[in-house]
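Peer 1: here is a sequence together with a model predicted from it:
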Amino acid sequence: DAGVTQSPTHLIKTRGQQVTLRCSPKSGHDTVSWYQQALGQGPQFIFQYYEEEERQRGNFPDRFSGHQFPNYSSELNVNALLLGDSALYLCASSPTGGVEKLFFGSGTQLSVL
Amino acid sequence: AQSVTQPDIHITVSEGASLELRCNYSYGATPYLFWYVQSPGQGLQLLLKYFSGDTLVQGIKGFEAEFKRSQSSFNLRKPSVHWSDAAEYFCAVGAPGTYKYIFGTGTRLKVLA
């Protein structure tokens, strides 16, 4: 049983560019959450998707957007990249109503130059 | 507002010594509480979790944690540390009825041979 898979594992972009990160949830999970982990910090909640809708959002600007597909996979899009967007982006999946059953992927390391 | 504090940024212990990592949280009621471990460049692995009931919870890799309501604490312990335990440890709070976790800033554990 594959866990949460994220792609790509590493990415280098320049300021002002746009980036798309992808996540496939664990089998049987229908809810996907995204977290940003800056160097030396704990992960911070970006948003959560359920039934193809954004259900809850953290304190992130509108440059951060997402999407969930009918197969429950998800994308995180970041527009107009800033140097401060450099971080490890973690995807986590959970079953319906199971905030206590979060499984994390290994993340995508984004570097903005 | 909910918050999590991990007062120790770095901890160094000798292999075979006991370990205690501190975590304090701020929340109006009893939240869900978690400890995760992260190796360099990796995602988060769940060590243990507390929802209710017995305040001493057992986790994987020989870790345990004790919930103390009066102190708003959820400290992680291990009686004998192994060199492979060197990693970063995160405490997290998940509020029932919400869909996100709030993480502490982490404690980096170094194990001396």
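Peer 2: Looks like it came in fine.
Peer 1: confidence score at A:Ser94?
Peer 2: Turning to A:Ser94, the model gives it a pLDDT of 89.
Peer 1: neighbours of it, how many?
Peer 2: Neighbour count for A:Ser94, taken as other CB atoms under 10 Å in any protein chain shown: 23. Bear in mind the C-beta positions are built from the backbone N, C-alpha and C, glycine included.
Peer 1: what's the answer for B:Lys110, then?
Peer 2: For B:Lys110, using other CB under 10 Å, the count is 12.
Peer 1: helix or strand for it, which one?
Peer 2: strand B:107-112 (DSSP states H and E).
Peer 1: ok, now how distant is A:Gly3 from A:Leu113?
Peer 2: Applying CB to CB, to the nearest Å, the value for A:Gly3 to A:Leu113 is 31 Å.
Peer 1: sorry, back to before: and the strand holding B:Lys110, which residues are buried?
Peer 2: B:Thr107, B:Leu109, B:Val111 (16 or more other CB atoms under 10 Å in any protein chain shown).
Peer 1: using TSV, lay out these together with pLDDT and distance to chain A.
Peer 2: Output for the buried residues of strand B:107-112, formatted as TSV (pLDDT from 0 to 100; distance: CB to the nearest CB, whole Å):
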residue	pLDDT	distance to chain A
B:Thr107	98	10
B:Leu109	97	15
B:Val111	97	20
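Peer 1: quick one: neighbours of whichever residue of chain A sits closest to chain B, just the number.
Peer 2: Residue nearest to chain B within chain A (CB to the nearest CB): A:Gly42, separated by 3.3 Å. By other CB under 10 Å, the residues close to A:Gly42 number 22.
Peer 1: likewise A:Asp62?
Peer 2: Residues near A:Asp62, counting by other CB under 10 Å: 7.
Peer 1: in chain B, which residue is closest to the centre?
Peer 2: B:Trp35 (3.5 Å; CA atoms, centre = their mean).
Peer 1: ramachandran angles for that one?
Peer 2: Dihedral angles of B:Trp35 (phi, psi; degrees, to the nearest 10) stand at phi -120, psi 130.
Peer 1: check contacts around it.
Peer 2: B:21, B:23, B:46-49, B:59, B:63, B:65, B:74, B:76, B:89-92 (CB atoms under 8 Å, 6 or more residues apart in numbering or on different chains).
Peer 1: what's opposite it in the beta bridge?
Peer 2: B:Leu48, B:Cys91 (DSSP bridges).
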